[in-house]
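Student: Here is my input, please return the structure:
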Amino acid sequence: MKAPLPPGKLPLALLERLLRHTSRSPLVTVGAGPGEDAAVVSGADRIVLAADPVTFTDTRLGAYVAAVNANDIVAMGGRPVYLTTTVLVAPGTTEEELERIFADVADACSKNGLLWVGGHTEVTPAVMRTVVCGQAVGFLSGPPLSTGGAHPKDSLCMTKWAGLEGSTTIAREQPEVSRTVLGDAGYRAVLGWLDDPGISIVPEGRILEGLALTSGHDPTEGGLAMGIHEICRASGVGAVIRGEALFVREETRLICRRFAMDPLGLLSSGVFLFTAEPEVAREACRRLEDAKIPAAVVGSMTEPGSGVWLEGNNRRAPLQFSEQDQIIRLPSSTPRSSLR
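Tutor: The predicted structure follows:
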C-alpha cells in the first residue's frame with residue numbers, strides 16, 4: 001500500500017494517470033488534462049444544466065454521481081451528454097482509493113451515455129470522507145418537461161420501485177443488520193439493485209422520447225411521497241394515489257421496518273415519476289414494460305385544492321411526506337443533515 005496523499009493538488013503523474021479514465025470523443029474539442037481548467041465541447045440550441053453532490057455514502061460514488069445528475073436532465077425532457085466532477089478526498093486517502101473512484105465514475109458514465117470531460121480533484125481537510133460533486137449538461141430536442149406541467153385528469157405513473165436507492169444504500173451502510181433482516185440471498189439482491197435495475201432513469205428517457213408527457217420528476221430526498229407532493233405543488237393540482245398500485249419490494253419493506261422507516265419516504269433515485277393524459281400514460285407504460293422496466297399508472301391528478309390522497313384497504317388518508325429523507329434515521333457516525 002502506498003503512502004497516503006498529502007493535502008492539496010494531486011501529484012502530476014498521478015493526475016495524468018487518473019485522467020485517462022475521462023472521455024474522449026469527437027464531441028470533445030478540449031477534454032480533461034493537467035493544466036486544463038475547462039473543457040470545450042459541442043453544443044445545441046437549448047441545453048439543460050443540473051448539479052448534484054454525493055454526500056451520503058463513500059462507496060460506489062461513480063454510480064451515484066453519474067445517475068443522480070443524468071436523472072435530473074432526463075426528468076426535464078433532455079438527453080444527458082456531458083459530466084464534470086469535483087472530487088474532494090480527505091487526508092489519508094491513497095492513490096489506490098482514487099483509482100477506484102475514477103474507474104467507477106468512468107464505468108457509470110459509459111453506462112449512462114455520459115461523456116466525462118473534466119473537473120477538479122483535491123485532497124483537503126475540509127471533508128471527513130470523499131465527496132463527489134457532479135455537473136451535468138444535456139440537450140433538449142423538444143419542449144421542456146417541467147415538474148409543474150401536470151393537469152387535472154392526467155394519469156400519474158412510476159417506474160421501478162419505491163426506496164430503490166435508499167434500500168441499496170442501507171444495505172451498504174449497515175451490512176450486518178441488513179444481512180440478518182434479509183438473509184444472505186436477499187442482502188446480495190439488494191446490493192445488486194445499484195446495477196440492476198440501477199438508479200438511472202436514462203433508459204426511461206430514451207424509451208419515452210417523443211411521447212407527450214406533461215410533467216416529469218426524479219424523486220430523491222423524501223422519496224416517492226415527496227416527489228408526488230412536489231409535482232402537485234408545482235403544478236397547482238391535487239392527486240389520488242392508489243396504494244395497491246405503488247411498487248414496493250418486500251426487501252424494502254423488511255429493511256424499512258427494521259429501522260422504523262416509511263418506504264414511501266426513502267431515497268428513490270431510479271424511479272421516474274411522470275404524468276400524461278390517460279391514453280398517453282398507458283402507451284408509455286406499455287413501452288416501458290416491453291423493455292423490461294416495471295411501470296404502472298399509480299394515480300390520477302385532481303382539481304386544485306383537492307389535496308393529495310392515498311387510497312387503500314377501503315380507506316383514504318392524506319399522503320404523508322417529509323422534506324427530510326427517512327434515511328436520516330439510519331445509525332451512522334456521519335452527519336446526514338443534507339443529502340442533496
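
Student: Strands along the stretch 51-200 of the chain, start to end?
Tutor: With DSSP state E, counting those that start in this stretch as the criterion, the stretch 51-200 of the chain has strands at 78-89, 115-123, 131-140, 155-159.

Student: ranking those strands by burial, who's on top?
Tutor: With neighbours taken as mean count of other Cβ atoms under 10 Å, the strands of the stretch 51-200 of the chain reach their highest mean count in strand 155-159, at a mean of 25. C-beta here means a position set from N, CA and C on the backbone, and glycine is covered the same way.

Student: chain center to stretch 182-190: distance?
Tutor: How far stretch 182-190 lies from its chain's middle: 22 Å, per Cα atoms, centre = their mean, to the nearest Å.

Student: got the contact list for it?
Tutor: For stretch 182-190, contacts defined as Cβ atoms under 8 Å, 6 or more residues apart in numbering pick out 167-168, 171, 175, 178-179, 251-252, 254-255.

Student: of all the strands of the stretch 51-200 of the chain, which lies closest to Ser200?
Tutor: Nearest to Ser200, of all those, is strand 78-89, at 9.3 Å by Cβ to Cβ.

Student: Please convert the strands of the stretch 51-200 of the chain to TSV, extending it with mean pLDDT.
Tutor: Below are the strands of the stretch 51-200 of the chain laid out as TSV (pLDDT from 0 to 100):
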stretch	mean pLDDT
strand 78-89	94
strand 115-123	92
strand 131-140	92
strand 155-159	98
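
Student: In helices, which of the contacts of stretch 182-190 appear?
Tutor: Of the positions in the contacts of stretch 182-190, 167-168, 171, 175, 178-179, 251-252, 254-255 sit in helices, assigned by DSSP state H.

Student: before we move on, the earlier item: and the furthest pair within the contacts of stretch 182-190?
Tutor: Pro175 and Thr252 (16.4 Å).

Student: Who has more neighbours out of those two?
Tutor: The neighbour comparison of Pro175 against Thr252 (other Cβ atoms under 10 Å) goes to Thr252, with 26 against 12.

Student: quick revisit: relative to Phe321, which of the contacts of stretch 182-190 is nearest.
Tutor: Once Cβ to Cβ is applied, the member of the contacts of stretch 182-190 that ends up nearest Phe321 is Thr252, at 17.2 Å.

Student: tell me what the strand or helix carrying Glu283 is packed against?
Tutor: Here Glu283, judged by DSSP states H and E, is contained in helix 278-290. Applying 3 or more Cβ pairs under 8 Å, 6 or more residues apart in numbering; DSSP states H and E, one finds that helix 278-290 contacts strand 155-159, helix 202-208, strand 273-276, strand 295-302.

Student: Can you show me the CA trace of that helix as PDB?
Tutor: Extracted in PDB, the C-alpha atoms of helix 278-290 (Å, rounded to 0.1, in the frame of the first residue of the first chain):
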ATOM      1  CA  PRO A 278     -54.500   8.700 -19.700                       C
ATOM      2  CA  GLU A 279     -54.100   7.200 -23.200                       C
ATOM      3  CA  VAL A 280     -50.500   8.500 -23.400                       C
ATOM      4  CA  ALA A 281     -49.800   7.200 -20.000                       C
ATOM      5  CA  ARG A 282     -51.000   3.700 -20.900                       C
ATOM      6  CA  GLU A 283     -48.800   3.700 -24.000                       C
ATOM      7  CA  ALA A 284     -45.800   4.900 -22.000                       C
ATOM      8  CA  CYS A 285     -46.200   2.100 -19.500                       C
ATOM      9  CA  ARG A 286     -46.600  -0.400 -22.300                       C
ATOM     10  CA  ARG A 287     -43.400   0.700 -23.900                       C
ATOM     11  CA  LEU A 288     -41.500   0.500 -20.600                       C
ATOM     12  CA  GLU A 289     -42.900  -2.900 -19.800                       C
ATOM     13  CA  ASP A 290     -41.900  -4.100 -23.300                       C
END
